[in-house]
Structures are given as structure tokens and as C-alpha cells.
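>>> Got a predicted structure plus its sequence, pasted below:
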Amino acid sequence: MHLQHFHGFTDNREANCATAAADANGDGIVDLVETEPMSGTTMVPFHDNPVSMQIVNDTYPKASADGSYHYEKLFH
């Protein structure tokens, strides 16, 4: 399972994908905490109940054999 969500800032700053330059501890992996300055905080999760705002959930979408999927949720 891969946790899926979008990142952003609550003050409307532009969020960008973190690059290899964000690897502050030099271990070759851009960890979640290292993405925050550039990408913002974890926001809405992409699972069956995004309104819950619970990040850990076992209903995240699964890709097809070709590696693609479509995710769409409507809530009020």
C-alpha cells in the first residue's frame, strides 16, 4: 500500500514537488519531513473516505497492471 494525498500550504503559498536537493540528511532518500518546506504539509488523503482526514487507511486506490488508475471523489 502507498499512502496517497496532496500537499500544500494553508497560507496559499505555491507548493512544488521536492527535489533531491531537499535530502537534508544526505541519505539519498527525500523523507516526508524533508518535503514540507517545498511541498507543504500532507493534506487531503486519496482513499474511500477523504472527509475523515485519516491518513492511514487501507482503501487507497490500486493501480492496474499498466500502472494507471483514476481517482475521483465528490463530497460536500
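In hand now; what should we look at? Numbers count the residues shown, from 1 in each chain.
>>> Could you check how many residues crowd around residue 54?
Neighbourhood size, residue 54 [other CB atoms under 10 Å]: 10. For every residue, glycine as well, the C-beta is placed using N, CA and C.
>>> Hmm, residue 63 is touching residue 70, no?
No - Residue 63 is beyond contact range of residue 70, at 10.2 Å (criterion: CB atoms under 8 Å).
>>> ok, these two, which is more surrounded?
residue 63 (9 against 6).
>>> if I pick that one, what's in contact with it?
By CB atoms under 8 Å, 6 or more residues apart in numbering, the residues touching residue 63 are residue 69.
>>> and it, how far is that from residue 71?
Applying CB to CB, to the nearest Å, the value for residue 63 to residue 71 is 10 Å.
>>> What are the boundaries of the helices in the protein?
Counting by DSSP state H, the chain has helices at residues 32-39.
>>> for it, where's the lowest mean pLDDT among helices and strands?
Least confident helix or strand, the chain: strand 41-45 with a mean of 88, by mean pLDDT, DSSP states H and E.
>>> partners of that one in the sheet?
Counting by DSSP bridges, the strands paired with strand 41-45 are strand 5-8 (antiparallel).
>>> Can you give the contact residues for the partner strand?
By CB under 8 Å, 6+ apart, strand 5-8 touches 15, 35, 36, 39, 40, 41, 42, 43, 44, 45, 46, 55.
>>> One more pass at 10 Å, please.
By CB atoms under 10 Å, 6 or more residues apart in numbering, the surrounding residues in contact with strand 5-8 are 14-18, 32, 35-36, 38-47, 50, 53, 55, 60.
>>> Can you select the buried ones from the residues you listed in PyMOL?
Restricted to buried positions by 16 or more other CB atoms under 10 Å, the PyMOL selection for the contacts of strand 5-8 reads:
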select buried, resi 15+18+35+36+38+39+40+42+45+46+47+50+60
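>>> Many thanks, I have nothing further to ask.
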